[in-house]
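Trainee: I need the structure of the sequence given here:
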Amino acid sequence: MADNAFWIAALTAGTAVLASWVTSRGTARAARIQADTTAGAQRVERLREARRTAYAGFIEQAQRLNDVHWKVSDVVRGTEGVLGPEQVEELRRLRERQRDEYAALRNLTWIVSLEGPEEVADLANAVRRTTNPFHKAIEAMIEGDTGAAARFDACYTPFWDALKVFNRASRDTLHTM
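Mentor: I've put the predicted structure just below:
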């Protein structure tokens, strides 16, 4: 009888050790899965936040550039394209500010390109490219081209349309992450 008790105790102990080992492997696997899931969620959240910051910075800079454009419109409003020396001087100051704001927009376009995705980066670049006609029209107004003010005003719609498309795509990208 003592021999049977020994074997029963040994079998029970072995079963307990085996059950403990199986449980610990399951627990370790579950912990690894949870850690991988958490790490993945954190990576997605960091990427989402980086993209959000890049997109918001780009949109804010596009608005700053547009503010310069509105000031240019204010300077030439009601002049019929014939500018006085004070208006030309103000346009020169605004042209310099427009260059500075454009340079910042160009840099932010690169940041959006780095953060991606490619579709949003292409749209940011499209917004950036719509600012070129503004600059050319300012130059032409400074040089005395009486039709340049009308060309300048015609630049707003393509700029705003491109910016709206960028806003929509960036929002959709952030919401689907």
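Trainee: now Y55: how far from R43?
Mentor: Note on Y55: its distance to R43, by Cβ to Cβ, to the nearest Å, is 18 Å. Any C-beta I mention is one placed from the backbone N, CA and C, and that applies to glycine too.
Trainee: hmm, I typed the wrong one, I wanted A121.
Mentor: Going from A121 to R43 by Cβ to Cβ gives 20 Å.
Trainee: how about the helices of this protein, start to end?
Mentor: 2-76, 85-115, 118-129, 132-142, 148-153, 156-175 (DSSP state H).
Trainee: could I get those as CSV with mean neighbour count?
Mentor: Listed next are the helices of the chain as CSV, based on neighbours: other Cβ atoms under 10 Å:
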stretch, mean neighbour count
helix 2-76, 13
helix 85-115, 16
helix 118-129, 18
helix 132-142, 18
helix 148-153, 18
helix 156-175, 16
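Trainee: going by mean pLDDT, which of those comes out lowest?
Mentor: Least confident of the helices of the chain, judged by mean pLDDT, is helix 2-76 with a mean of 87.
Trainee: report the angle between that one and helix 156-175.
Mentor: Interaxial angle of helix 2-76 relative to helix 156-175 (axes from the mean of the first three to the mean of the last three Cα atoms, to 10 degrees): 170 degrees.
Trainee: all set, thanks.
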